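Participant: model this:
(4 chains)
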There are 2 protein chains.
Amino acid sequence: MKEVTPEVTIRRLTRYLRCLEFMSENGKKVVLSKELAKTCKISSSLVRRDLSYFGDFGVKGTGYDIEVLKQKIRNILGIDRTRNLIVIGIGNVGRVLLNYQFMNPGLRIIAGFDKDPQKAGKKINGIPVYHDDKLEEFIKNNNISIAVVAVPRDAVHEVVNRLVNSGVKAILSFALIPIQVPEDVVLSYVEIESELEILSYKLKTRGL
Amino acid sequence: MKEVTPEVTIRRLTRYLRCLEFMSENGKKVVLSKELAKTCKISSSLVRRDLSYFGDFGVKGTGYDIEVLKQKIRNILGIDRTRNLIVIGIGNVGRVLLNYQFMNPGLRIIAGFDKDPQKAGKKINGIPVYHDDKLEEFIKNNNISIAVVAVPRDAVHEVVNRLVNSGVKAILSFALIPIQVPEDVVLSYVEIESELEILSYKLKTRGL
DNA sequence: CCGTGTGAATGGCTTCACAGCC
DNA sequence: GGCTGTGAAGCCATTCACACGG
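Facilitator: Just a heads-up that it's a prediction; the model follows:
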């Protein structure tokens, strides 16, 4: 049980959660830090250290109960409660998101928004799509924790500003363009091109 | 000019590149480490340190020439040459990728693959889609650096094994399930759900 | 004079190694 | 006996502060 938790630890926690979900699907009940470490390609002491920031979840001599650990991590991440999400921009990326099967029921997309009137009024995977001009009203009337921005590059700035002004505190963007948001708003990115570039770099360092 | 480059530096390099691309679009020619730092929300000394691992790209008293710096970073990342990519699985995610407009011409998707015979023979965004059973042959006949896996969860394992056996050395997966690959193969993930979980965590630490 | 590049110092993440408990 | 949880050590990334060059 420690003081300050490094951000990298949180990122690894999500990785552990994916591994644990996979293990329970395969009927596994208990896991050792060593096993979790191997699947995540890190050291077992780091796994134990990461988990120890939040409590004593393991049993000495035995390991970790997978169901218990999953629930603990969900609790730490704040996805044991329901997080209502919205998606802005129902193009190719937006459609992927509306069809996304989340492993955790806490993450729930409850609406999509698009400027195209043709798309408004329809449902995708059971999720209603509204016209863009209903955005602010919807955010205020519903309990929106997180918004995902999947609009074209040149519309990102405007959309983010509208989200911030409507009180959204967490935004995930698919377009990696620099945006300034207030201190109390968290902004992160899904960086497909960057990930590919990092792979390219690693190939290069291996002489390929 | 330093010895070993931390992996985080490479990740930040891709971020700098996005910022620089954005700046040149807006007609900017020269940038200070301080400006780059501000848009990336890090310290200016870290920007300078990151760049100094690879050479003296700046001009003392003046800053960095944006075009020069872009080219240097592309060179470091190994995307100054052409990287031929393929996408396996042409569902929603696969379609996003084939339609993806890369900022860097070095990254080039040259084919898609799918098990569905209906999809084979068509083109998406000018990129040919082949039947899955042509995968190995195509990899061997073309110069494939990187493969992107966008198949359903339960097919990932098999696809990754086939890629590895065909000689692919870098794989980007959209399904975050644990896979073992040989030492000389780089595997990374696009983790949409994990990013959302991290946002949820940050909201929670802020009392939301 | 101004901003980069970099030794030196700092701070924080990871590993080590073992005490404690099942 | 075996594995977790954790002080202490080690190591590596970041910051500091200033010499250097335009």
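
Participant: In chain A, which residue sits closest to DNA strand C?
Facilitator: Relative to DNA strand C, the nearest point of chain A is A:Gly61 (2.9 Å; CB to the nearest atom of the strand). C-beta: built from backbone N, CA, C; applies to glycine.

Participant: and that residue, how many neighbours?
Facilitator: 5 (other CB atoms under 10 Å in any protein chain shown).

Participant: For it, give its distance to DNA strand D.
Facilitator: 3 Å (CB to the nearest atom of the strand, to the nearest Å).

Participant: name the element that residue belongs to?
Facilitator: Using DSSP states H and E, A:Gly61 is not contained in any helix or strand.

Participant: Next up, the contacts around it.
Facilitator: By CB atoms under 8 Å, 6 or more residues apart in numbering or on different chains, the contact list for A:Gly61 is empty.

Participant: Which elements pack onto the longest strand anywhere in chain A?
Facilitator: Criterion DSSP state E: the longest strand present in chain A is strand A:107-114. Where contact means 3 or more CB pairs under 8 Å, 6 or more residues apart in numbering or on different chains; DSSP states H and E, strand A:107-114 is packed against strand A:83-88, helix A:92-98, strand A:127-131, helix A:135-141, helix B:192-205.

Participant: mean confidence for stretch A:90-107?
Facilitator: Mean pLDDT, stretch A:90-107: 96.

Participant: Run the contact check for the top helix by length along chain A versus chain B.
Facilitator: Secondary structure of chain A per DSSP state H: the longest helix is helix A:7-25. Yes. Using CB under 8 Å from any CB of the partner chain, we find that helix A:7-25 touches chain B at A:Ile10, A:Arg11, A:Thr14, A:Arg15, A:Leu17, A:Arg18, A:Cys19, A:Phe22.

Participant: which two in these are spaced the farthest apart?
Facilitator: Largest separation among the residues of helix A:7-25 next to chain B by CB to CB: A:Ile10 and A:Phe22, giving 19.5 Å.

Participant: more neighbours, these two?
Facilitator: A:Ile10 (20 against 16).

Participant: okay, that one: pLDDT?
Facilitator: Per-residue pLDDT puts A:Ile10 at 98.

Participant: close enough to count as contact, it and B:Tyr201?
Facilitator: Yes. Between A:Ile10 and B:Tyr201 there is a contact at 5.3 Å, judged by CB atoms under 8 Å.

Participant: tell me, what's touching the two both at once?
Facilitator: With CB under 8 Å, 6+ apart as the test, A:Ile10 and B:Tyr201 both reach A:Leu77.

Participant: Please report the number of neighbouring residues for A:Tyr64.
Facilitator: Neighbourhood size, A:Tyr64 [other CB under 10 Å]: 23.

Participant: Can you report phi and psi for it?
Facilitator: phi -110, psi 140 (degrees, to the nearest 10).

Participant: before we move on, the earlier item: any idea which of the helices and strands packed on strand A:107-114 gets closest to B:Ile88?
Facilitator: Taking the helices and strands packed on strand A:107-114 one by one with CB to CB, helix A:92-98 is closest: 15.9 Å.

Participant: Understood, closing this out.
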